[in-house]
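Participant: Okay, structure incoming, though there's no sequence with it:
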């Protein structure tokens, strides 16, 4: 929220974000918005900064299906949220939905050409 306050030209409130994230969780039906995978809701609250520093990417991979809130543009031009896995959110980064889909298609297309040649 602090980051968004610096980026936005509109008021960002904690109450509004909680409402939007709650709506996104309900709408997700427990699944990743982009992949359809069932998320592991039991992972919420289990992240350990010390273990992350020690285990690095190996530790992070154990939390791949941790539900996260991804910022998306809302219909009103303000931020909205969808729920997705941590690994999906990490891969998507700041890409728009369409740019992320285009990237995924390029990855698959390139992979398929390497496999068949």
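Facilitator: Right, received. Where do you want to start? Small disclaimer: the values here were computed from a predicted structure and weren't measured.

Participant: that's a strand at residue 102, yeah?
Facilitator: No: applying DSSP: H, G, I helix; E, B strand; the rest coil, one finds residue 102 to be helix, outside a strand.

Participant: most centrally placed residue in this protein?
Facilitator: Residue closest to the average C-alpha location in the chain (Cα atoms, centre = their mean): residue 89, at 2.8 Å.

Participant: Find me the pLDDT at residue 56, would you?
Facilitator: Per-residue pLDDT puts residue 56 at 90.

Participant: number of nearby residues for it?
Facilitator: Neighbour count for residue 56, taken as other Cβ atoms under 10 Å: 10. For glycine as for every other residue, the C-beta is placed from the backbone atoms N, C-alpha and C.

Participant: roughly how far apart are it and residue 50?
Facilitator: To residue 50, residue 56 is 12 Å away according to Cβ to Cβ, to the nearest Å.

Participant: helices or strands up against the helix or strand hosting residue 18?
Facilitator: Following DSSP states H and E, one finds residue 18 within helix 14-28. With contacts taken as 3 or more Cβ pairs under 8 Å, 6 or more residues apart in numbering; DSSP states H and E, helix 14-28 sits against strand 67-73, strand 79-85.
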